[in-house]
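**Student:** Coordinates for the following, if possible.
(one chain, ligands or ions: 2)
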Amino acid sequence: MKLAKAMTVAGSDSGGGAGIQADLKTFQELNAYGTSVVTALTAQNTLGVHGVYPQSAACVEAQLDAVLADIGVDAAKTGMLFSAEIIALTADKLKQYGVKQLVVDPVMIAKGGAPLLQRDAVQALKERLLPIATLVTPNIPEACHLLGRDQIHDVEQMREASCRLLELGAKAVLLKGGHLEGETAVDLFYDGHSFIELAHPRIHTLHTHGTGCTLSAAITAELAKGASLEAAVRTGKAFISAAIAHAVGVGKGIGPTCHAAYRLYR
Ligand SMILES: Nc1ncnc2c1ncn2[C@@H]1O[C@H](COP(=O)(O)OP(=O)(O)OP(=O)(O)O)[C@@H](O)[C@H]1O
Ligand SMILES: Cc1ncc(CO)c(N)n1
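**Tutor:** Ligands and ions are numbered 1, 2, ... in the order given. This next block holds a predicted model:
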């Protein structure tokens, strides 16, 4: 059997619940071989982000070359990219090596409010990365930021926002509704042809650290294995729902989800 290879270009979360650590755990759970390109180190735990230490462009470039020139990838994802410079060089390298499947999680701000992307980098995200993305997976605040609008209140407004987001160049959009209120966590998938609502009863838990990273990593692993985009997104939703439902609650604050739950409790 051919080994599926998935790469993450993201920040390190020392607390292990988000970023590179969440991505590699998720790849492993879904039987994809994981590689990583670290864009920044964060000193982070369940109580918040205590420090952000971006890597140099040369360091990020060397990691991308090392992985792509030798091992290769079937699908890649991006998470915390920090600066316009790192975004531009990541886009260039993905194009240079002909990476065909790219999931862009436009990480901007950590749950506690710490900025993980510089303000002037949003434009680079739109101009350089979205046009080569197979899928972009914003949460509600990120979608508002990308579109320059104030709020998205309900599923109807999510539909309209998805159409606008698709115009930014990605082949498809998964607009995550985790930040909306209500008894159902609804995500909206739109590929320019049809809308698919992915709904799961809202799980009443404090422990949702790294949910977006984990979801986009699960989708990437499935794409690497050859799943269709729709199937990958559906598996991703099942994976993150199980992970939230069985969150372990380590630490004193907002804890990580359980990356093994999809395998253990399905
Ligand atoms: N309490 C919850 N119950 C069920 N599903 C949830 C809950 N919170 C979030 N989700 C789901 O988790 C996934 C991630 O959505 P969310 O909007 O939380 O991402 P995010 O803000 O990017 O996460 P993070 O920034 O922590 O990585 C979505 O599928 C969303 O519907
Ligand atoms: C490194 C990193 N990436 C992404 C997020 C968003 O969950 C985070 N908190 N930390």
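**Student:** low-confidence ranges in the protein?
**Tutor:** Within the chain, not a single segment meets pLDDT under 70.
**Student:** My read is that residue 229 contacts residue 137, right?
**Tutor:** No. Using CB atoms under 8 Å, residue 229 makes no contact with residue 137, being 11.7 Å away. Every residue, glycine included, has its C-beta placed from N, CA and C.
**Student:** interface residues of this structure facing ligand 1?
**Tutor:** 18, 111, 139, 176-179, 185, 187, 200, 202-203, 208-213, 215, 237, 240-241, 244 (CB under 6 Å from any ligand atom).
**Student:** hang on, the earlier thing: neighbour count for residue 229 and residue 137, which is higher?
**Tutor:** Taking neighbours as other CB atoms under 10 Å, residue 229 and residue 137 compare with residue 137 leading, 30 against 19.
**Student:** now the strands: where do they sit in the stretch 51-200 of the chain?
**Tutor:** Ranges of strands in the stretch 51-200 of the chain, per DSSP state E, counting those that start in this stretch, are 75-78, 102-104, 135-136, 173-175, 184-190, 195-201.
**Student:** elements contacting the last one?
**Tutor:** If I follow you right, that is strand 195-201. Identification of packing neighbours for strand 195-201 by 3 or more CB pairs under 8 Å, 6 or more residues apart in numbering; DSSP states H and E yields helix 155-166, strand 184-190, helix 229-245.
**Student:** who does the helix or strand following the longest one touch, helix- and strand-wise?
**Tutor:** For helix 229-245, the following helix or strand on the C-terminal side (DSSP states H and E) is helix 261-265. Contact partners of helix 261-265 among helices and strands, from 3+ CB pairs under 8 Å, 6+ apart: helix 229-245.
**Student:** Residue 257: neighbouring residues, count only.
**Tutor:** Neighbours of residue 257 (other CB under 10 Å): 32.
**Student:** so it sits right up against residue 243, yeah?
**Tutor:** Yes. Judged on CB under 8 Å, residue 257 makes contact with residue 243 at a distance of 3.7 Å.
**Student:** so what sits against both of the two?
**Tutor:** Shared contacts of residue 257 and residue 243 (CB atoms under 8 Å, 6 or more residues apart in numbering): 211, 214.
**Student:** now the residue lying closest to residue 91 once chain neighbours are set aside: how far from residue 85?
**Tutor:** Once flanking residues are discounted, residue 91 sits nearest to residue 128: 4.1 Å by CB to CB, 6 or more residues apart in numbering. Distance of residue 128 to residue 85, computed by CB to CB, to the nearest Å: 11 Å.
**Student:** Would you mind telling me which of these two has the busier surroundings?
**Tutor:** When residue 128 and residue 85 are compared for neighbours, residue 128 comes out ahead with 21 against 16, by other CB under 10 Å.
**Student:** from the stretch 101-250 of the chain, which residue is nearest to ligand 2?
**Tutor:** Closest residue of the stretch 101-250 of the chain to ligand 2, CB to the nearest ligand atom: residue 110 (3.9 Å).
**Student:** For the residue nearest to that residue when sequence neighbours are not counted, list each beta-bridge partner.
**Tutor:** In space, and not counting its chain neighbours, residue 110 is closest to residue 49: 5.0 Å by CB to CB, 6+ apart. Using DSSP bridges, the bridge partners assigned to residue 49 are residue 44.
**Student:** which stretch among the helices and strands packed on strand 195-201 comes nearest residue 13?
**Tutor:** Nearest to residue 13 among those is helix 229-245; the distance by CB to CB comes to 15.1 Å.
**Student:** Direction-wise, compare that closest one with strand 195-201 and give the angle.
**Tutor:** Relative orientation of helix 229-245 and strand 195-201, computed by axes from the mean of the first three to the mean of the last three CA atoms, to 10 degrees: 20 degrees.
**Student:** which of the residues in helix 229-245 are buried?
**Tutor:** 229, 232-237, 239-245 (16 or more other CB atoms under 10 Å).
**Student:** One more: stretch 151-162?
**Tutor:** Within stretch 151-162, the residues scored as buried using 16+ other CB under 10 Å are 152, 155, 157, 158, 161, 162.
**Student:** now these as JSON lines including distance to ligand 2?
**Tutor:** Below are the buried residues of stretch 151-162 laid out as JSON lines (distance: CB to the nearest ligand atom, whole Å):
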{"residue": "152", "distance to ligand 2": "19"}
{"residue": "155", "distance to ligand 2": "23"}
{"residue": "157", "distance to ligand 2": "23"}
{"residue": "158", "distance to ligand 2": "20"}
{"residue": "161", "distance to ligand 2": "20"}
{"residue": "162", "distance to ligand 2": "21"}
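**Student:** I appreciate the help and will end here.
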